[in-house]
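Undergrad: please work out how this folds:
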Amino acid sequence: GKWVYPFNSKFTEIETFHINKYRSVQVPMMFKTDKVNSTFDENLRCTVIKLPYKGKAHMLIAIPEKEGDYISLEDHLTTELVESWLGNMKIRKVDISFPKFKLEQKYKLKKLLHALGIKNLFTRTADLSHLTDEGYAAVSQVVQKAVIEVDEEGTEATAASGSEITAFTVPPVIKVDRPFLFMIFEETFKTLLFIGRVVDPTEM
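TA: Predicted coordinates for the structure are as follows:
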């Protein structure tokens, strides 16, 4: 998907990303000043911002107040929590610094499909004659590969509205320079399409 409001690549600079107290890496950090929906979760102590895609989906980024708290945050993550974040969001003008990253993951689905009752596919009783010239064929494994790549234009995988901010307001700064969670959320069916964790943007 493409961002409704892309980052300008001219403002992307190499900056420090703090993996933990003892280790940091240099990453390409995107930057823009924009009106963004955001909220602060007092219970989980994290800032959540919403970056809309063209269409009905958006990326939610949850940045823990302290490095390392992303694990606790993951444990509490539910669709209901995401909906409560969205319900509590307010629009404001902010400076956003957000790292470019690419996340690649493979999922073996054989066990999941077995649990769902899809078993014949993996045996010789499967009729796959329309897919192959082999006399006998069965599926040995089903692999789903998910790739999320985030850059200035958007992600390879609704516009904000609200009151005007006066020119005299100093924009607050949201700098995503420590491990964070991100979610891709579809508005119409209120569905979490993807959940990911970025601890080190250089090791994806």
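Undergrad: nearest the geometric middle of the protein, what residue?
TA: Closest to where the C-alpha atoms of the chain average out (C-alpha atoms, centre = their mean) is residue 182, at 3.2 Å.
Undergrad: partners of it in the sheet?
TA: residue 61, residue 196 (DSSP bridges).
Undergrad: gap between it and residue 10?
TA: 24 Å (C-beta to C-beta, to the nearest Å). The C-beta positions use only the backbone N, C-alpha and C, and glycine is treated the same way.
Undergrad: now residue 174
TA: Taking C-beta to C-beta, one finds residue 174 at 20 Å from residue 10.
Undergrad: domain-wise, how is the protein divided?
TA: With automatic domain parsing as the criterion, the domains of the chain are listed as 9-100+151-198, 103-150.
Undergrad: ranges for the strands of the chain?
TA: 13-18, 24-41, 46-52, 57-64, 90-99, 101-108, 143-150, 155-156, 173-175, 180-186, 191-198 (DSSP state E).
Undergrad: so which of those is nearest residue 6?
TA: Among the strands of the chain, the nearest to residue 6 by C-beta to C-beta is strand 24-41 (8.1 Å).
Undergrad: got a list of what residue 85 touches?
TA: Residues counted as contacts of residue 85 (C-beta atoms under 8 Å, 6 or more residues apart in numbering) are 39, 41, 48, 60, 62.
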